[in-house]
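[1] return a 3D structure for these sequence lines:
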Amino acid sequence: MKKKLVMGLLSMALIGGVTLSVSAQEKKKTEVGKAIDHTGKAIGKGAKSVGNKTAEVAVKGSSKVADKTWKGKMAPDGSDVYINAKNEKYYVNSKGAKIWLKPSQIKTRPASKN
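    This next block holds a predicted model:
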C-alpha cells in the first residue's frame with residue numbers, strides 16, 4: 001500500500017513539474033522580452049567571434065613552433081603558408097582551421113617597399 005501511495009505521489013509531482021517547465025519556457029512578446037532576446041543574440045555573436053579568434057591565434061602559434069613558414073609565399077587570403085613534416089602546405093583561416101593548399105593556390109608574396 002505504501003509503495004502505491006509513494007508511486008502515485010511521485011507521478012503527480014513529475015506531471016506537475018513538466019507542466020510548470022513547459023509554461024516557463026514561453027517567450028514574452030513584450031519590449032523587455034524583445035530586448036532580452038536581442039541582448040542574448042549579441043552576447044552569443046560576441047562569444048563566437050572571441051572563440052574563433054582564440055582558436056586562430058592558438059593554431060597559428062603552434063604552427064610557427066612545430067612547422068616551417070614558407071618565406072616569400074602566401075595563401076589565397078594573404079596569410080602565411082606553413083609546411084609540415086610531411087611536406088604538406090597549409091594556412092590557418094580566421095576560424096582557426098588548417099586549410100590544405102594545392103600547388104596552384106600558393107602565390108608569391110609581393111616585395112615590401114622598405
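[2] tell me, how many residues neighbour the closest residue to residue 70 other than its chain neighbours?
    Closest residue in space to residue 70, ignoring its immediate chain neighbours: residue 81 at 4.3 Å, by CB to CB, 6 or more residues apart in numbering. For every residue, glycine as well, the C-beta is placed using N, CA and C. Burial measure for residue 81: 23 neighbouring residues, criterion other CB atoms under 10 Å.
[3] would you check that residue 81 makes contact with residue 92?
    No. Look at residue 81 against residue 92 with CB atoms under 8 Å: they stay out of range, at 10.0 Å.
[4] quick one, helices of this structure?
    Chain-ordered helices for the chain, with DSSP state H as the definition, fall at 2-24, 31-66.
[5] for those helices, could you give me TSV that also reports distance to residue 107?
    Written out in TSV, the entries for these read as follows (distance: least, CB to CB, whole Å):
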stretch	distance to residue 107
helix 2-24	56
helix 31-66	19
